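>>> Below are the sequence and a predicted model; questions follow.
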Amino acid sequence: MTADRPVFYWRGNRAILYKTLFATSDKLLTMTVSKEHEQAYFWRADDIAEMELLHARYITHTFDRHVHDGYALGLVEQGAEWFYYRGNKHVVAPAGSIFAINPNEIHTGAAEADNGWQYRVFYPGIIVMRQIAEELTGERWDTPHFPEPVMWDDDLANRLRFLHRTLQYSQSSLERQSVMRDVFGTMILRHASNRVNPLRVGDEKQAVRIVRDYLETHIAENTSLDELAARVGFSPYHLLRVFRKTLGMPPHTYRNHVRIVRAKAMLATGKPIADVALNLGFTDQSHFTRRFKRVVGVTPCEYISST
């Protein structure tokens, strides 16, 4: 790291610009800017084992031949990248495509055209992907294998983008873990060569009721999906599917619904907005305001004015 490079640090799971350099750690998110207006943001999701992420725009930068211990999965947002992979000297990933590099496969990377490329990349470890695959099926699995380095799947591309942003900005462990399993589970089911049918979802209303009760009585806590699954003896992925099938929404969305319902009642009694946000587990007042408006359609201030 050099002194002319801006550095970001984490507050919770949010990247904050820090104007002076300090000792590096595994929580740093760094940004580099070149004369050609290249940018690269890199960070680690500390609440998810073996998960690194990159959001970058490259123009003249090239990657030498290298390998990753885990996967390199992502989507190209603008431009196009070409890379060497499995003996093919010119694989092209254009804007809108998804790419998948399997563990320990030699590959490169460079711009296909003069305007470069912009992409979002996940670097999940083998253990993470194998765990999701086993949760999907209820069986022991070999490492998921993606036979095609470039894929077209608009729905999955949108989900990958949402997951990437969630792991950058959301501080909710429940949301982060839930979205990750949903997106990578979908990718494995649709595109892995060794995919199998997912575990059947039954009528497990008692487990859903236990999870609902726990979320409602611990509304302000940053509960994780792993914690909820352990309470009912399910794998995290299976709980996610059962909960969604029963209530029509995943656990983190249900918790947010309960928070907003309680927030409306508290605001109606004259409780200050900042206190409502704190009591219900929102990160801060601005986080509460954003979530409230997305559900109610108006800000808490506007809501108070109308009641």
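That came through, no problem. This one's a predicted model, so the numbers in the text were calculated from it and none came from an experiment.
>>> Could you check how many residues crowd around F99?
24 (other CB atoms under 10 Å). C-betas here are computed from N, CA, C, even on glycine.
>>> Can you read off the pLDDT for it?
F99 carries a pLDDT value of 97.
>>> Assess the claim that it and E77 are in contact.
No. Using CB atoms under 8 Å as the test, F99 is too far from E77 to be in contact (11.9 Å).
>>> Let's test this: mean pLDDT of the strand ranked longest in the chain, rounded?
For the chain, the longest strand by residue count, based on DSSP state E, is strand 72-85. Averaging pLDDT along strand 72-85 gives 96.
>>> Show me what the helix or strand that that strand is followed by is packed up against.
Counting by DSSP states H and E, the element after strand 72-85 in chain order, helix or strand, is strand 88-94. Packing contacts for strand 88-94, counted by 3 or more CB pairs under 8 Å, 6 or more residues apart in numbering; DSSP states H and E, involve strand 72-85, strand 150-151.
>>> Tell me which of the ones you listed sits nearest to L240.
Minimum separation from L240 across the helices and strands packed on strand 88-94 (CB to CB) falls at strand 72-85, 19.5 Å.
>>> any idea how far V179 is from R165?
Between V179 and R165 the computed distance is 10 Å (CB to CB, to the nearest Å).
>>> So which of these two has more stuff around it?
Neighbour count, other CB under 10 Å: between V179 and R165, V179 has more, with 23 against 13.
>>> Helix, strand, or coil at that one?
helix (DSSP: H, G, I helix; E, B strand; the rest coil).
>>> Could you shift the numbering so residue one becomes 35, and keep it that way?
Done: numbering now begins at 35, and the last item shifts to V213.
>>> close enough to count as contact, it and L197?
Yes. V213 is in contact with L197 according to CB under 8 Å; the separation is 5.1 Å.
>>> shared neighbours of these two, anything?
Overlap of the contact sets of V213 and L197 (by CB atoms under 8 Å, 6 or more residues apart in numbering) is empty.
>>> ok, T323 - contacts?
Counting by CB under 8 Å, 6+ apart, T323 has contacts 307, 333-334.
>>> can you tell me which of the residues you listed are in strands?
Counting by DSSP E, the contacts of T323 place none of their members in strands.
>>> got a winner among those for most neighbours?
Taking other CB under 10 Å as the neighbour criterion, P334 ranks highest of those with 23 neighbours.
>>> thinking again about what came up before, can I get the contacts of T323 in TSV including pLDDT and distance to T177?
What follows is the contacts of T323, written out as TSV (pLDDT from 0 to 100; distance: CB to CB, whole Å):
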residue	pLDDT	distance to T177
I307	93	48
T333	92	47
P334	92	47
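>>> quick one: low-confidence parts of the stretch 35-184 of the chain?
35-70 (pLDDT under 70).
>>> Please, where are all the helices along it?
160-171 (DSSP state H, counting those that start in this stretch).
>>> Would you map the strands across it?
Assigned by DSSP state E, counting those that start in this stretch, the strands in the stretch 35-184 of the chain fall at 41-45, 48-52, 63-67, 73-78, 85-92, 97-100, 106-119, 122-128, 132-135, 141-145, 151-158, 184-185.
>>> re earlier: the longest strand of the chain pairs with which strands?
With DSSP bridges as the test, strand 106-119 is paired with strand 122-128 (antiparallel), strand 132-135 (antiparallel), strand 141-145 (antiparallel), strand 151-158 (antiparallel).
>>> Quick check: which element contains the residue nearest to E169 when sequence neighbours are not counted?
Distances taken as CB to CB, 6 or more residues apart in numbering put Y271 closest to E169, at 3.4 Å, once the chain neighbours are dropped. Y271 belongs to helix 270-281 when assigned by DSSP H and E.
>>> Could you quantify the relative orientation of that helix and helix 160-171 as an angle?
Using axes from the mean of the first three to the mean of the last three CA atoms, to 10 degrees, one finds that helix 270-281 and helix 160-171 are set 40 degrees apart in direction.
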